[in-house]
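In: Following is a predicted model, sequence given first.
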Amino acid sequence: MSEQFYTLAGAVVGGLIGVAGTMGAAHLTGRSQRRSQHEQWRRQVRRDAYSAFITRAAQAIRQGHSAHEAAQKDDHGASDLIKELGVAAAQVEQAATLVSLEGPEDVSDGAANIQIGIGRWHRALCTATGVGPGERQDAAWGRALDASTEVEDGLEEFTVICRRLLDGRADIV
(Lines give C-alpha, C1' and ligand atoms only; values in the text may rest on other atoms or scores of the structure.)
Protein backbone atom coordinates (compact mmCIF):
# COMPACT_ATOMS: atom_id res chain seq x y z
CA MET A 1 0.00 0.00 0.00
CA SER A 2 1.07 3.47 -0.66
CA GLU A 3 2.25 6.06 1.72
CA GLN A 4 -0.76 8.23 0.89
CA PHE A 5 -3.11 5.49 2.01
CA TYR A 6 -1.41 5.27 5.40
CA THR A 7 -1.48 9.03 5.73
CA LEU A 8 -5.18 9.11 4.86
CA ALA A 9 -5.97 6.20 7.19
CA GLY A 10 -4.04 7.90 10.00
CA ALA A 11 -5.94 11.12 9.43
CA VAL A 12 -9.30 9.30 9.47
CA VAL A 13 -8.43 7.36 12.63
CA GLY A 14 -7.13 10.54 14.28
CA GLY A 15 -10.28 12.39 13.25
CA LEU A 16 -12.49 9.61 14.66
CA ILE A 17 -10.57 9.67 17.92
CA GLY A 18 -10.94 13.46 18.03
CA VAL A 19 -14.68 13.24 17.32
CA ALA A 20 -15.13 10.53 19.99
CA GLY A 21 -13.16 12.60 22.48
CA THR A 22 -15.18 15.70 21.68
CA MET A 23 -18.47 13.79 21.98
CA GLY A 24 -17.38 12.28 25.31
CA ALA A 25 -16.32 15.66 26.66
CA ALA A 26 -19.61 17.21 25.49
CA HIS A 27 -21.54 14.41 27.17
CA LEU A 28 -19.68 14.89 30.45
CA THR A 29 -20.06 18.66 30.24
CA GLY A 30 -23.80 18.31 29.55
CA ARG A 31 -24.21 15.93 32.47
CA SER A 32 -22.33 18.28 34.76
CA GLN A 33 -24.38 21.23 33.56
CA ARG A 34 -27.67 19.34 34.11
CA ARG A 35 -26.55 18.37 37.61
CA SER A 36 -25.58 21.97 38.37
CA GLN A 37 -28.91 23.29 37.04
CA HIS A 38 -30.82 20.70 39.07
CA GLU A 39 -28.92 21.64 42.22
CA GLN A 40 -29.65 25.33 41.58
CA TRP A 41 -33.35 24.54 41.04
CA ARG A 42 -33.40 22.45 44.21
CA ARG A 43 -31.84 25.28 46.24
CA GLN A 44 -34.48 27.69 44.89
CA VAL A 45 -37.33 25.33 45.80
CA ARG A 46 -35.90 24.91 49.28
CA ARG A 47 -35.37 28.65 49.64
CA ASP A 48 -39.02 29.26 48.71
CA ALA A 49 -40.24 26.60 51.15
CA TYR A 50 -38.04 27.91 53.99
CA SER A 51 -39.03 31.50 53.29
CA ALA A 52 -42.75 30.68 53.27
CA PHE A 53 -42.41 28.79 56.53
CA ILE A 54 -40.44 31.55 58.25
CA THR A 55 -42.98 34.14 57.09
CA ARG A 56 -45.94 32.09 58.35
CA ALA A 57 -44.24 31.29 61.65
CA ALA A 58 -43.32 34.95 62.24
CA GLN A 59 -46.92 35.96 61.53
CA ALA A 60 -48.17 33.33 63.97
CA ILE A 61 -45.74 34.57 66.62
CA ARG A 62 -47.00 38.14 66.20
CA GLN A 63 -50.57 36.86 66.35
CA GLY A 64 -49.73 34.82 69.43
CA HIS A 65 -48.28 37.83 71.22
CA SER A 66 -51.36 39.92 70.41
CA ALA A 67 -53.67 37.17 71.64
CA HIS A 68 -51.56 36.55 74.74
CA GLU A 69 -51.46 40.23 75.72
CA ALA A 70 -55.18 40.69 75.10
CA ALA A 71 -56.00 37.57 77.10
CA GLN A 72 -53.87 38.68 80.04
CA LYS A 73 -55.65 42.04 80.06
CA ASP A 74 -58.97 40.16 79.96
CA ASP A 75 -59.82 42.07 76.78
CA HIS A 76 -63.16 41.13 75.22
CA GLY A 77 -61.51 40.73 71.80
CA ALA A 78 -59.05 38.16 73.14
CA SER A 79 -61.17 35.20 72.08
CA ASP A 80 -61.17 36.43 68.46
CA LEU A 81 -57.41 36.90 68.57
CA ILE A 82 -56.98 33.40 69.98
CA LYS A 83 -59.12 32.01 67.15
CA GLU A 84 -56.94 33.90 64.66
CA LEU A 85 -53.90 32.30 66.28
CA GLY A 86 -55.52 28.93 65.59
CA VAL A 87 -55.85 29.88 61.92
CA ALA A 88 -52.23 31.04 61.86
CA ALA A 89 -51.18 27.74 63.47
CA ALA A 90 -52.92 25.85 60.65
CA GLN A 91 -51.06 27.95 58.07
CA VAL A 92 -47.77 27.20 59.78
CA GLU A 93 -48.62 23.49 59.68
CA GLN A 94 -49.23 23.73 55.93
CA ALA A 95 -45.90 25.49 55.38
CA ALA A 96 -44.12 22.94 57.63
CA THR A 97 -45.42 20.15 55.41
CA LEU A 98 -43.66 21.64 52.40
CA VAL A 99 -40.45 22.08 54.40
CA SER A 100 -40.61 18.43 55.45
CA LEU A 101 -40.87 17.40 51.79
CA GLU A 102 -38.08 19.64 50.53
CA GLY A 103 -35.62 19.99 53.38
CA PRO A 104 -33.21 17.63 55.05
CA GLU A 105 -34.22 15.96 58.30
CA ASP A 106 -32.75 18.60 60.64
CA VAL A 107 -34.68 21.38 58.90
CA SER A 108 -37.85 19.29 58.76
CA ASP A 109 -37.57 18.52 62.48
CA GLY A 110 -37.01 22.19 63.28
CA ALA A 111 -40.11 23.23 61.34
CA ALA A 112 -42.17 20.50 63.00
CA ASN A 113 -41.03 21.61 66.47
CA ILE A 114 -41.98 25.22 65.75
CA GLN A 115 -45.35 24.15 64.36
CA ILE A 116 -46.03 21.97 67.42
CA GLY A 117 -44.96 24.82 69.71
CA ILE A 118 -47.39 27.24 68.08
CA GLY A 119 -50.15 24.67 68.48
CA ARG A 120 -49.27 24.25 72.17
CA TRP A 121 -49.27 28.02 72.62
CA HIS A 122 -52.73 28.23 71.07
CA ARG A 123 -54.12 25.39 73.20
CA ALA A 124 -52.60 26.86 76.38
CA LEU A 125 -54.20 30.24 75.69
CA CYS A 126 -57.53 28.54 75.02
CA THR A 127 -57.29 26.72 78.33
CA ALA A 128 -56.08 29.76 80.27
CA THR A 129 -58.94 31.95 79.04
CA GLY A 130 -61.68 29.36 79.10
CA VAL A 131 -62.13 29.57 75.32
CA GLY A 132 -61.28 25.91 74.96
CA PRO A 133 -61.83 22.83 77.06
CA GLY A 134 -60.97 23.11 80.73
CA GLU A 135 -61.17 25.97 83.15
CA ARG A 136 -58.97 29.02 83.54
CA GLN A 137 -55.72 27.74 85.00
CA ASP A 138 -52.59 29.46 86.20
CA ALA A 139 -50.53 26.56 84.86
CA ALA A 140 -51.90 27.21 81.37
CA TRP A 141 -50.47 30.74 81.45
CA GLY A 142 -47.08 29.26 82.26
CA ARG A 143 -47.38 26.76 79.41
CA ALA A 144 -48.37 29.56 77.04
CA LEU A 145 -45.36 31.64 78.04
CA ASP A 146 -43.01 28.65 77.74
CA ALA A 147 -44.41 27.80 74.30
CA SER A 148 -43.98 31.38 73.05
CA THR A 149 -40.34 31.46 74.17
CA GLU A 150 -39.67 28.03 72.65
CA VAL A 151 -41.25 29.03 69.34
CA GLU A 152 -39.27 32.28 69.09
CA ASP A 153 -35.98 30.54 69.91
CA GLY A 154 -36.80 27.71 67.51
CA LEU A 155 -37.56 30.09 64.65
CA GLU A 156 -34.29 31.93 65.20
CA GLU A 157 -32.34 28.66 65.13
CA PHE A 158 -34.33 27.41 62.11
CA THR A 159 -33.47 30.58 60.17
CA VAL A 160 -29.75 30.18 60.89
CA ILE A 161 -29.79 26.53 59.77
CA CYS A 162 -31.64 27.39 56.56
CA ARG A 163 -29.25 30.21 55.78
CA ARG A 164 -26.26 27.89 56.19
CA LEU A 165 -27.83 25.23 54.01
CA LEU A 166 -28.67 27.67 51.26
CA ASP A 167 -25.10 28.99 51.39
CA GLY A 168 -23.96 25.44 50.69
CA ARG A 169 -22.48 24.87 54.12
CA ALA A 170 -23.27 21.29 55.07
CA ASP A 171 -21.47 21.55 58.40
CA ILE A 172 -24.80 21.73 60.24
CA VAL A 173 -26.60 18.75 58.74
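Out: That came through, no problem.

In: Residue 68: neighbour count?
Out: Residues within reach of residue 68, counting by other C-beta atoms under 10 Å, total 24. To be clear about C-beta, it is placed using only N, CA and C from the backbone, and glycine gets the same treatment.

In: Quick check: it vs residue 125, distance?
Out: In this view, residue 68 and residue 125 are 6 Å apart by C-beta to C-beta, to the nearest Å.

In: So which bits of stretch 74-92 are buried?
Out: For stretch 74-92, the buried set under the neighbour-count rule, 16 or more other C-beta atoms under 10 Å, comprises 78, 79, 81, 82, 84, 85, 86, 88, 89, 90, 91, 92.

In: will you turn these into a markdown table that also has secondary structure?
Out: A markdown table is the format used below for the buried residues of stretch 74-92 (DSSP: H, G, I helix; E, B strand; the rest coil):
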| residue | secondary structure |
| --- | --- |
| 78 | helix |
| 79 | helix |
| 81 | helix |
| 82 | helix |
| 84 | helix |
| 85 | helix |
| 86 | helix |
| 88 | helix |
| 89 | helix |
| 90 | helix |
| 91 | helix |
| 92 | helix |
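
In: export those to TSV and tack on pLDDT?
Out: Output for those, formatted as TSV (pLDDT from 0 to 100):
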residue	pLDDT
78	90
79	91
81	95
82	94
84	96
85	96
86	96
88	97
89	96
90	96
91	97
92	96
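
In: These into a markdown table, with extra columns for distance to residue 160?
Out: Converted to a markdown table, the buried residues of stretch 74-92 look like this (distance: C-beta to C-beta, whole Å):
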| residue | distance to residue 160 |
| --- | --- |
| 78 | 33 |
| 79 | 35 |
| 81 | 29 |
| 82 | 30 |
| 84 | 28 |
| 85 | 25 |
| 86 | 28 |
| 88 | 23 |
| 89 | 23 |
| 90 | 26 |
| 91 | 23 |
| 92 | 19 |
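
In: Between residue 68 and residue 125, which contacts overlap?
Out: Common contacts of residue 68 and residue 125 (C-beta atoms under 8 Å, 6 or more residues apart in numbering): residue 144.

In: pLDDT weak spots in this structure?
Out: Residue ranges of the chain with pLDDT under 70: 1, 16, 19, 24-28, 30-32, 131-136, 169-173.

In: so where does residue 75 fall, helix or strand?
Out: Using DSSP states H and E, residue 75 falls within no helix or strand.

In: how near is it to residue 86?
Out: According to C-beta to C-beta, residue 75 and residue 86 sit 17 Å apart.

In: Tell me, how many residues neighbour the closest residue to residue 88 other than its chain neighbours?
Out: With C-beta to C-beta, 6 or more residues apart in numbering as the criterion, residue 88 has its nearest non-adjacent residue at 3.8 Å, and that residue is residue 60. Residues contacting residue 60 under the criterion other C-beta under 10 Å number 30.
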